[in-house]
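> Dropping the sequence and predicted coords here.
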Amino acid sequence: MDPLSITAAVVTFIDVAVHIKDSVDKIGQNRQTLKELTSDVIDELIELRKLCQHREGDLDRVRLDYDSIRALESLQSSVVSFDLGWIRTHA
């Protein structure tokens, strides 16, 4: 190979290496952002659970229609499933 071809190849390899490094850096940043968002969601769900537990007695006096009851049961099931799934993966 002539010197110009070698120089071009080296420049190309350096450019590829810089792109790979940038991609890896972005993955780390995205992972940290995802961890922070997940933590925020969990905190909000915990606060929502506390609020629901605190207001549980108030709901005893309220008559809900069938669709509302089913929607609340579905929401409760989803939250419990998420909670258990998250605990299993992060324990």
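Right, received. Where do you want to start?

> Outline the domain layout of the chain.
With domains defined by automatic domain parsing, the chain comprises 1-60, 64-91.

> Can you name every helix or strand that the helix or strand containing residue 20 contacts?
Using DSSP states H and E, residue 20 sits in helix 3-59. For helix 3-59, the elements it packs on are helix 66-90, judged by 3 or more C-beta pairs under 8 Å, 6 or more residues apart in numbering; DSSP states H and E. C-beta: built from backbone N, CA, C; applies to glycine.

> returning to what we had before: want to throw the domains of the chain into JSON lines with mean pLDDT and mean neighbour count?
Output for the domains of the chain, formatted as JSON lines (pLDDT from 0 to 100; neighbours: other C-beta atoms under 10 Å):
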{"stretch": "domain 1-60", "mean pLDDT": "80", "mean neighbour count": "10"}
{"stretch": "domain 64-91", "mean pLDDT": "73", "mean neighbour count": "10"}
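
> Where does residue 63 sit: helix, strand or coil?
Following DSSP: H, G, I helix; E, B strand; the rest coil, the label given to residue 63 is coil.

> quick one: it from residue 69, how far?
Per C-beta to C-beta, to the nearest Å, residue 63 is found 10 Å from residue 69.

> Distance check, the residue positioned nearest the centre of the chain against residue 23.
Centroid-nearest residue in the chain: residue 38, 4.3 Å away (criterion: C-alpha atoms, centre = their mean). Distance, residue 38 to residue 23, by C-beta to C-beta: 22 Å.

> swap in residue 73?
According to C-beta to C-beta, residue 73 and residue 23 sit 44 Å apart.

> Residue 49 too?
Residue 49 is 38 Å from residue 23, by C-beta to C-beta.

> do the same with residue 80
37 Å.

> same deal with residue 32?
Distance from residue 32 to residue 23, counting by C-beta to C-beta: 15 Å.
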